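Trainee: Quick one: sequence and predicted model below, then my questions.
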Amino acid sequence: MSASIQSTTLSLEKVARRLDDAGVAWAVFAGAAASVYGGTRPLTDVDILVPSATGERVTALFPKARVKRGDDGTVQVIQLPGFDILAGLAVMDLDAEMAARLTRHEIAGVIVSVIPPEDNILLKAMRGRGPEVGKHDWEDVQEMLAHLPTLDWEYLRWRAETCQGEYVLERLEAMRTRQMEER
């Protein structure tokens, strides 16, 4: 694990405690979630998803954070050293369906809620960024698919339809088929 995440372990504990104490639903996603679902890249930061409706409330929990707002004034990103807290995503929110599927995992020595692997795979596939922009979305998707043979594909397809991500389903299913054939 990278030095930057190790140095934020205490902060991760504090972030988790503040969100939990405030009763805010939240979950780790993106690269940190990929790491608990089979990703092998070193962590450099922790991305946290909260429901879009809680953005203002979460901002108040972190008065020293840098806040990015949308054109309509709503909170989009709350930035802390080593952390980005996103109040919803343009394509997906932390809704009841996702909340019901949250899992608990250890990241940097702290037990945290993590979005379901299907949601994380879909988000990474929809973003589809590569090393040319310093990201590893498809690499993470491949590793998660390789380590999670029992994904809920019905849920993943439903989620893709609800967030207009059907365009990545064919590639995800082809990757899954190739991996199954290689086993």
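Mentor: Received the coordinates, thanks. Numbering: from 1, shown residues only.

Trainee: Pick out the residue closest to the middle of the protein.
Mentor: Nearest to the geometric centre of the chain sits residue 29, at 1.4 Å (C-alpha atoms, centre = their mean).

Trainee: what's the neighbour count on the residue lying closest to it once chain neighbours are set aside?
Mentor: Nearest residue to residue 29, sequence neighbours excluded (C-beta to C-beta, 6 or more residues apart in numbering): residue 115, at 4.4 Å. Heads up, the C-betas are built off the backbone N, CA and C, glycines and all. Residue 115 is flanked by 27 other residues according to other C-beta atoms under 10 Å.

Trainee: Distance check, residue 115 against residue 54.
Mentor: Residue 115 sits 15 Å away from residue 54, going by C-beta to C-beta, to the nearest Å.

Trainee: Can you list the low-confidence ranges for this protein?
Mentor: Residue ranges of the chain with pLDDT under 70: 1-10, 183.

Trainee: Which residue ranges of this protein form strands?
Mentor: For the chain, the strands defined by DSSP state E cover 27-29, 46-50, 66-69, 75-80, 83-87, 103-107, 110-114.

Trainee: Columns distance to residue 59 on top of the ones you listed, output as CSV?
Mentor: Output for the strands of the chain, formatted as CSV (distance: least, C-beta to C-beta, whole Å):
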stretch, distance to residue 59
strand 27-29, 18
strand 46-50, 10
strand 66-69, 5
strand 75-80, 5
strand 83-87, 8
strand 103-107, 23
strand 110-114, 20
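
Trainee: Just tell me which of these ends up closest to residue 147.
Mentor: For those, the distance to residue 147 is smallest for strand 103-107, at 12.9 Å, taking C-beta to C-beta.

Trainee: For the closest one, buried residues please.
Mentor: Of all the residues in strand 103-107, those buried under the rule 16 or more other C-beta atoms under 10 Å are 105, 107.

Trainee: Then stretch 51-59?
Mentor: Buried residues in stretch 51-59, counted by 16+ other C-beta under 10 Å: 51-52, 54-55, 57-59.

Trainee: before we move on, what about stretch 15-23?
Mentor: 15-16, 19.

Trainee: Going along the chain, name the helices of the chain.
Mentor: Taking DSSP state H as the criterion, the chain contains helices spanning 3-7, 9-21, 31-36, 55-61, 96-99, 117-127, 137-147, 153-162, 169-182.

Trainee: Since that was my last question, I'll sign off now.
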